[in-house]
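S.K.: Test case, fold it:
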Amino acid sequence: MSKGNSRKEYLYEIFTYKYPARIERILDTKLDAIQLERKIYSVDGRNRRVDICAIDKKNGVRYFIEFSLKSMDEIHFNQLKQLISMVKPMENTTIISCVRSISDKYLNQLAELVLLSTNRNIRIIFIRLNTELLTPILQKINKAHHLEQVPMLSSLDNEVEKHFEVIKEISCYN
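M.R.: So this is what the prediction gives:
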């Protein structure tokens, strides 16, 4: 959950949970068992929370989705590195990073980390989040009474046509 960005990021997570069709279209999948703020455990006992965890039961892929309403920074970068290192061998995992923007420096370092994970089946997708259109609506929803916020999330679906744009995808399969 977002700490420095009020509740707007968490509200977008709830929107994605309630209206998964947008992210399903861009991923070309059907997400099942969607969970918000799921604690993930690695083989060696480490754990961390991921914004959204889901499974595509049809093809057995596990999805970890991380959101940031700002550009990728060192904190988000380290979260993704940690997620990559926590992927279990022989498990098909797709990590999605939804951010406003990402520098080539971070893209290249994460790509290298994925490609060096030869004992894991990892796909990482970098998606640009259309914060220019989404943030003003999220700010309006965030200011509303907390009992009114979830019903108001439908305005994100009605008022913004394009939420995402794929920036880059990297895969490594053993």
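
S.K.: C-alpha from now on. contacts and neighbour counts both.
M.R.: OK.

S.K.: which of the residues in the lowest-mean-pLDDT helix or strand in the chain are buried?
M.R.: Lowest by mean pLDDT, DSSP states H and E among the helices and strands of the chain is strand 164-172, with a mean of 76. By 16 or more other CA atoms under 10 Å, the buried positions in strand 164-172 come out as 164, 170, 172.

S.K.: pLDDT wise, what is residue 55 at?
M.R.: Per-residue confidence (pLDDT) for residue 55: 91.

S.K.: before we move on, what SS does it have?
M.R.: strand (DSSP: H, G, I helix; E, B strand; the rest coil).

S.K.: Apart from its neighbours in sequence, what residue is nearest it?
M.R.: residue 62 (4.5 Å; CA to CA, 6 or more residues apart in numbering).

S.K.: List the residues that contact the one you found.
M.R.: Residue 62 makes contact with 53-56, 91-94, according to CA atoms under 8 Å, 6 or more residues apart in numbering.

S.K.: if we can go back for a sec, elements contacting the least confident helix or strand of the chain?
M.R.: helix 21-27, helix 104-115, strand 121-129 (3 or more CA pairs under 8 Å, 6 or more residues apart in numbering; DSSP states H and E).

S.K.: Adjacent strands (with direction) for it?
M.R.: strand 121-129 (antiparallel) (DSSP bridges).

S.K.: any idea how far residue 159 is from the residue lying farthest from the centre of the chain?
M.R.: Centroid-distance maximum for the chain: residue 145 at 26.1 Å, with CA atoms, centre = their mean. Taking CA to CA, to the nearest Å as the measure, residue 145 falls 20 Å from residue 159.
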